[in-house]
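S.K.: below are the sequence and a predicted model; questions follow.
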Amino acid sequence: MPCVVGRLGRVGLGLVLLVLLGMLAPLAAGARPAVGSLPPPERSPASTPRGVASGTQVDLLRVASLPLGARAGHAYVLGAVVRNGGSVPTRRRVVVFLLRVGSRPLALGSSAVGVAARSSRAYRMRIRLPRVVADGSYALVACVRRAGTDGGLSCVTAEDHLRIGPGVALPRGRVSADGCSSGARSLSSSGSDLYPETGNGGYSSVHTDVFLDYDAADNLLLPGTHVMLTDQATQCLTDFSLDFERTSTNAKDGPDMSVTSVLVNGQPARFAFVQPTYPGDPNGQNDPDPRAHEASQLNPVGGPENNPFPPACTPELMSTKPGKQDSLDGTQCPANKLVITPAKPIPGGATFTVAVAYSGRPGVHNDGDGTTEGWFRNSQPNDAGSFVTTEPVGSEDWMPLNDHPSAKPTYDFYDTVPLGKTAIANGELVSQTANAPDVNFPGGSTTWHWHSPEAIASYLVEDSIGSFDLTERLAASGIVYYEAQDSSIPKNQAAANQAIMNMQEDIVTFQSMFNGPFPFTTDGVVIGVPSASFEEEMQTQIAFAGGTIDLDTFNHENMHQWWGDNVSEANYNLTFFKEGLATFGEYLYMARNAQSAAGGPGTPAGDAAFENSLIKSFDAAYADTGSLWTAAPSDPHPYTLFSGATTYVRPGIAYIALRRILGAANFAAALQQMQATYRQASITEPELEAGFSAFLPHPTQSCRAELSQFFTEWFDTAYPSGGGENRPQITGPGLDGAGFQCS
């Protein structure tokens, strides 16, 4: 019968136990003999737990799917990646299995793979589908033994699911009689381990109106608080979802809110909170198997029960200690998906509105690295309020939304706050309206209306409320600059902050030389006093925590207004793309200082100093012999997403090399073209690379091939530690390394 590759498959409990605990026993009589089986475990001095770099520690990172149209009885070659995190080389046998609920694992092929110490290796292996396979849905799973006699198995599941038999189309969610179906409850691809619980499909986000009634003294969103979302259906929807973390295990600083009503097109709608399911689950988004709803840092989940499925969410760690990073693997995901069922289906292509009324205490989100982000409370005497910084997912801890970087509606904010408090949000300040005393605000209130005509990614939504001193100015360029500081900041520090904030227009002018025109109508800074985990490039309102601002970080975050804000990452694994360009912004700032000290722009000495500064920045980082090269920037995990130089320095100096390869003028032209092409949208890694490739000075086949290899080495390859040969070899003219040979 014909075989068609569909979405990711999943196996039943009995099969999982066979895969994870057995695998050495022969298949039952009558079953097709295994093409290969796992070898006896290697002998080692001691078993090595995951993450400990002693002996051998082998993990499978991914395995390719079978091609579309794969057929029974045919042979195929699959690509896979295996990693040895241990200190000695090893050779292990990888076995690929076909698994189906209710059937025993069927080995399709095996291959012995040698892997050097502390390195990853891509390899290819041959498998053959049986000539006779019963109709149904099958998962393709590859496994390898990690280490020692009891080291357990490392297994990965192919992204696509093998469907055998007629009628193989796999519906996305529940399908009603009229062809409508549920919207997807994730925007991540199958197998993702980076916040796969976020994002929602079946519609595109068009505009959001935020109405907050905020009691600053008690840090409460009062009755009357609601959001009005305007969306456009991309399919006929029986139901759809939003992201809203209304409660949290962080009892002190996390949220504690409740939803009181939901209206769709003005009519009451049913709603419920459910757990996320791992993207691509063939049993659907309401899979009754608890393992389909578990958290993990990695794919597969692992954990105490050795769950072989991909994670449904990223763990919300309460500690930043490295030893705690896997402590929540295998635990249940919280029910943060707000599933809404309208009174009648929403036709595909229709524009519709969703009003969600809620109230309670907003709070912070605990990320996969233990840091917090979201709504930080300022509880200082006479200075009560909030400070918002939300990357990557903390917006859902104070408002319901489609929480994904690729979801970018425009916004209006209507914040009603106690008299004397100031609301700072994205975009343009439209109005401040004084209100008479009422039940919520016995002392009177002010409604602040901010409007963003430009689309905003979910993690860049700013809405801080407190005792801010707000000023604004209109630059000759037509950009309005807003500058806000918490009034409790000491006067001498506030003056120092003001002097730096006043440099923003100059920074914008300088960075526009590379990126092109500033993409927004406004820009600004808000400096709060809570000790948030980080500064952030909130769109048009850069947020600085702890009461201070510095120029290095300012240049970094302002560069983000182009990269991350105007042109956003398509998914979380592309965080390196925009953080690298922001880090490149820091290198440009250093080069500008060197240029000024040597005679200024336009002078031979000044221009030479500018280029030499960039070269020195590259060469200094390229000499690293530590962790800069041991992880691929495009393959981060939650715990290391924002904590490693892999996300910042490595792509940052890669852009220096790209500038040397393309030439300064072509590099700037590439940046400006991508700003125009992907304005107010998002970009994928292939689109990013194609954007640079289009400006190769010698676009021959060999030059394009070398540049493609450059991207692979710099963005997609994990190397053993040590530097030297264990790092990208292609660099750029005049830089350390092999340079760029094509001309």
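M.R.: Alright, I've got the coordinates. Numbering: from 1, shown residues only.
S.K.: any idea how the protein splits into domains?
M.R.: Using automatic domain parsing, the domain parsing of the chain gives 3-164, 467-550, 567-715.
S.K.: for those, which one sits closest to residue 292?
M.R.: Among the domains of the chain, the nearest to residue 292 by Cβ to Cβ is domain 3-164 (6.9 Å). (Glycine included, C-beta is placed from N, CA and C.)
S.K.: measure stretch 331-349 end to end?
M.R.: 38 Å (Cα to Cα, to the nearest Å).
S.K.: quick one: it to chain centroid distance?
M.R.: Centroid displacement of stretch 331-349 relative to its chain, using Cα atoms, centre = their mean, to the nearest Å, is 22 Å.
S.K.: list the buried ones in that stretch?
M.R.: By 16 or more other Cβ atoms under 10 Å, the buried positions in stretch 331-349 come out as 331, 333-342, 345-346.
S.K.: is it possible to get CSV of the domains of the chain that adds mean pLDDT?
M.R.: As requested, the domains of the chain are exported to CSV (pLDDT from 0 to 100):
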stretch, mean pLDDT
domain 3-164, 58
domain 467-550, 96
domain 567-715, 97
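S.K.: I'd like those laid out as a markdown table, including mean neighbour count and distance to residue 262.
M.R.: Below are the domains of the chain laid out as a markdown table (neighbours: other Cβ atoms under 10 Å; distance: least, Cβ to Cβ, whole Å):
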| stretch | mean neighbour count | distance to residue 262 |
| --- | --- | --- |
| domain 3-164 | 18 | 29 |
| domain 467-550 | 19 | 27 |
| domain 567-715 | 19 | 28 |
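S.K.: and of the ones you listed, who's closest to residue 287?
M.R.: The nearest among those, by Cβ to Cβ, is domain 3-164 at 7.6 Å.
S.K.: quick check: the residue positioned nearest the centre of the chain vs residue 459, distance?
M.R.: Centroid check for the chain by Cα atoms, centre = their mean gives residue 572 as the closest residue, at 1.7 Å. Per Cβ to Cβ, to the nearest Å, residue 572 is found 10 Å from residue 459.
S.K.: where do the contact lists of these two overlap?
M.R.: Common neighbours of residue 572 and residue 459 (criterion: Cβ atoms under 8 Å, 6 or more residues apart in numbering): 392, 405.
S.K.: ends of stretch 682-702, what's the gap?
M.R.: Per Cα to Cα, stretch 682-702 runs 29 Å from first to last residue.
S.K.: what distance separates it from the centre of its chain?
M.R.: Its chain's average C-alpha position is 23 Å from that of stretch 682-702, according to Cα atoms, centre = their mean.
S.K.: residues making contact with it?
M.R.: So stretch 682-702 is contacted by 405-406, 408, 457, 567-570, 574, 577, 634, 658, 661-663, 666-667, 669-670, 673-674, 677-678, 703-704, 707-708, 711, 715, 742-743 (Cβ under 8 Å, 6+ apart).
S.K.: repeat that with 6 Å
M.R.: Stretch 682-702 is contacted from outside by 406, 567-568, 570, 577, 658, 662-663, 666, 669-670, 674, 703, 707, 711, 742, using Cβ atoms under 6 Å, 6 or more residues apart in numbering.
S.K.: would you list every one of the helices in this structure?
M.R.: 13-17, 491-501, 504-515, 551-559, 575-598, 604-622, 645-662, 664-677, 685-693, 701-715 (DSSP state H).
S.K.: packing partners of the fifth one?
M.R.: For helix 575-598, the contact count by 3 or more Cβ pairs under 6 Å, 6 or more residues apart in numbering; DSSP states H and E identifies helix 551-559, helix 604-622, helix 645-662 as packing neighbours.
S.K.: in TSV: those helices, plus distance to residue 248.
M.R.: Formatted as TSV, the helices and strands packed on helix 575-598 follow (distance: least, Cβ to Cβ, whole Å):
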stretch	distance to residue 248
helix 551-559	27
helix 604-622	38
helix 645-662	26
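S.K.: and the ones you listed: which comes nearest residue 589?
M.R.: Distance to residue 589, taken as Cβ to Cβ, is lowest for helix 551-559 among the helices and strands packed on helix 575-598, at 4.1 Å.
S.K.: chain center to that closest one, what's the gap?
M.R.: Offset of helix 551-559 from its chain centre (Cα atoms, centre = their mean): 21 Å.
S.K.: got it, and stretch 530-542?
M.R.: Distance, stretch centre to chain centre, for stretch 530-542: 17 Å (Cα atoms, centre = their mean).
S.K.: other residues contacting that stretch?
M.R.: Contact with stretch 530-542 is made by 371-372, 376, 378, 387, 389, 391, 426-427, 456, 460, 462, 520, 522-526, 543-546, 553, 557, 560, 564-565, as judged by Cβ under 6 Å, 6+ apart.
S.K.: any chance of the domains of the chain in a markdown table, plus distance to residue 252?
M.R.: Output for the domains of the chain, formatted as a markdown table (distance: least, Cβ to Cβ, whole Å):
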| stretch | distance to residue 252 |
| --- | --- |
| domain 3-164 | 29 |
| domain 467-550 | 13 |
| domain 567-715 | 22 |
